[in-house]
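>>> need a 3D model of the following:
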Amino acid sequence: MARDKRYSGSEALSRSFDDAGWIRVGPADEVSGALTVIDIPHSRVHEGEVFKAVFVDADLDSAAVANIRIVAPNTLVRCHVVFMVQSTLGLAWELYRDTTHTVGTGITSYNKEQNSSDSATMTVSHTASGGSDGTQIDAGAFGAKKTGGVDRGDEEWILEQNTVYLLKATSAVNDNKVVLSVLWYEVA
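Numbering: from 1, shown residues only. So this is what the prediction gives:
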């Protein structure tokens, strides 16, 4: 006799009995029977909790700086952030906390679940100026003067509540195209 135990909500994905009495864990591939799963960051996109903001400086000159200023909200929301720096030529980048630079031009952040009406609580702006950079907490460099690169920090940072951060890129040469990106999800 088949068990007819049913679960609802998240339990339905992790606990259900098939006709032979086996416990099935999650959805399975119809051909192989392999468990079908997605990772946590991917599931956050489905939940409408992932945001992205991008700043492009198409012509950064030698020793010139492109930056973005990030403000973690003063709420129970925690921002889990991954930074990405790209350039067509060489550059050095640095990440600071407790910057006193003033707000630059706001950057629109987009929810990666485009059907969601949720908006980010973290704010991002570019071309922040005045004040000090703050305390350096990470850095990197890539590319010779004639080559560029990408540094996508696979290291997630959980930003401190009510703290201001600065991602700064300094070009090694003239005519460097630089892209600074912030990808994050927010959870309370």
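
>>> partner strands of the helix or strand containing residue 169, with direction?
Assessed by DSSP states H and E, residue 169 sits inside strand 164-171. Neighbouring strands of strand 164-171 in its sheet, by DSSP bridges, are strand 65-71 (antiparallel), strand 91-97 (antiparallel).

>>> in stretch 170-182, which residues are buried?
Of all the residues in stretch 170-182, those buried under the rule 16 or more other CB atoms under 10 Å are 170-173, 176, 178-182. For glycine as for every other residue, the C-beta is placed from the backbone atoms N, C-alpha and C.

>>> where along the chain do the strands fall?
Assigned by DSSP state E, the strands in the chain fall at 16-17, 23-24, 50-60, 65-71, 78-87, 91-97, 105-106, 110-111, 123-126, 135-142, 149-152, 157-158, 164-171, 176-187.

>>> can I get the ones you listed in JSON lines with mean pLDDT?
As requested, these are exported to JSON lines (pLDDT from 0 to 100):
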{"stretch": "strand 16-17", "mean pLDDT": "54"}
{"stretch": "strand 23-24", "mean pLDDT": "60"}
{"stretch": "strand 50-60", "mean pLDDT": "97"}
{"stretch": "strand 65-71", "mean pLDDT": "98"}
{"stretch": "strand 78-87", "mean pLDDT": "94"}
{"stretch": "strand 91-97", "mean pLDDT": "96"}
{"stretch": "strand 105-106", "mean pLDDT": "97"}
{"stretch": "strand 110-111", "mean pLDDT": "97"}
{"stretch": "strand 123-126", "mean pLDDT": "98"}
{"stretch": "strand 135-142", "mean pLDDT": "94"}
{"stretch": "strand 149-152", "mean pLDDT": "62"}
{"stretch": "strand 157-158", "mean pLDDT": "96"}
{"stretch": "strand 164-171", "mean pLDDT": "97"}
{"stretch": "strand 176-187", "mean pLDDT": "95"}
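
>>> now render the ones you listed as JSON lines, adding distance to residue 33.
As requested, the strands of the chain are exported to JSON lines (distance: least, CB to CB, whole Å):
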{"stretch": "strand 16-17", "distance to residue 33": "15"}
{"stretch": "strand 23-24", "distance to residue 33": "10"}
{"stretch": "strand 50-60", "distance to residue 33": "30"}
{"stretch": "strand 65-71", "distance to residue 33": "44"}
{"stretch": "strand 78-87", "distance to residue 33": "33"}
{"stretch": "strand 91-97", "distance to residue 33": "45"}
{"stretch": "strand 105-106", "distance to residue 33": "50"}
{"stretch": "strand 110-111", "distance to residue 33": "35"}
{"stretch": "strand 123-126", "distance to residue 33": "44"}
{"stretch": "strand 135-142", "distance to residue 33": "43"}
{"stretch": "strand 149-152", "distance to residue 33": "34"}
{"stretch": "strand 157-158", "distance to residue 33": "37"}
{"stretch": "strand 164-171", "distance to residue 33": "45"}
{"stretch": "strand 176-187", "distance to residue 33": "31"}
